[in-house]
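Undergrad: let's see this in three dimensions:
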Amino acid sequence: MGRCHGKTDIARSPECRYVASSSKDSSVWVWDTTAGRCERILTGHTQSVTCLRWGGDGLLCSASQDRPIKVCRAHDVRAAKVQKPAWVNVRPRDADA
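TA: Numbers count the residues shown, from 1 in each chain. I've put the predicted structure just below:
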């Protein structure tokens, strides 16, 4: 993917066409696996993005140390929702999973 420095999480879309990678620089890059290139760079967090998850209907959720959870449609970059929870617990993924 060409982007390794400061990577904090990666997530594959359910249909496996896209891969999202997050970074300590507060950005999320969405990669098209069929074209082999970065399709979008999502911004809006102010601190390190620590967790990414794909939802249904092409939604990508990102959580950051700045606390908001942002949900957007990765293919058109429009924010669908922003939640600011009091606390977010994220369990690390098992390396063998």
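Undergrad: Arg12 and Thr46, how far apart?
TA: 26 Å (CB to CB, to the nearest Å). Heads up, the C-betas are built off the backbone N, CA and C, glycines and all.
Undergrad: just Trp54 next, same as before
TA: 23 Å.
Undergrad: between these two, which has more neighbouring residues?
TA: Set Trp54 next to Thr46 and count neighbours by other CB atoms under 10 Å: Trp54 wins out with 18 against 11.
Undergrad: which residues does the residue nearest to Leu52 when sequence neighbours are not counted bridge with?
TA: Spatial nearest neighbour of Leu52, chain neighbours left out: Ala11 (4.0 Å); criterion: CB to CB, 6 or more residues apart in numbering. Beta bridges link Ala11 to Ala20, judged by DSSP bridges.
Undergrad: now Ala11: how far from Leu42?
TA: On the measure of CB to CB, Ala11 and Leu42 end up 12 Å apart.
Undergrad: tell me, what's touching the two both at once?
TA: Leu60 (CB atoms under 8 Å, 6 or more residues apart in numbering).
Undergrad: and the residue nearest the centre of the chain, what helix or strand is that in?
TA: Nearest residue to the geometric centre of the chain (CA atoms, centre = their mean): Leu52, 3.9 Å. According to DSSP states H and E, Leu52 maps onto strand 49-54.
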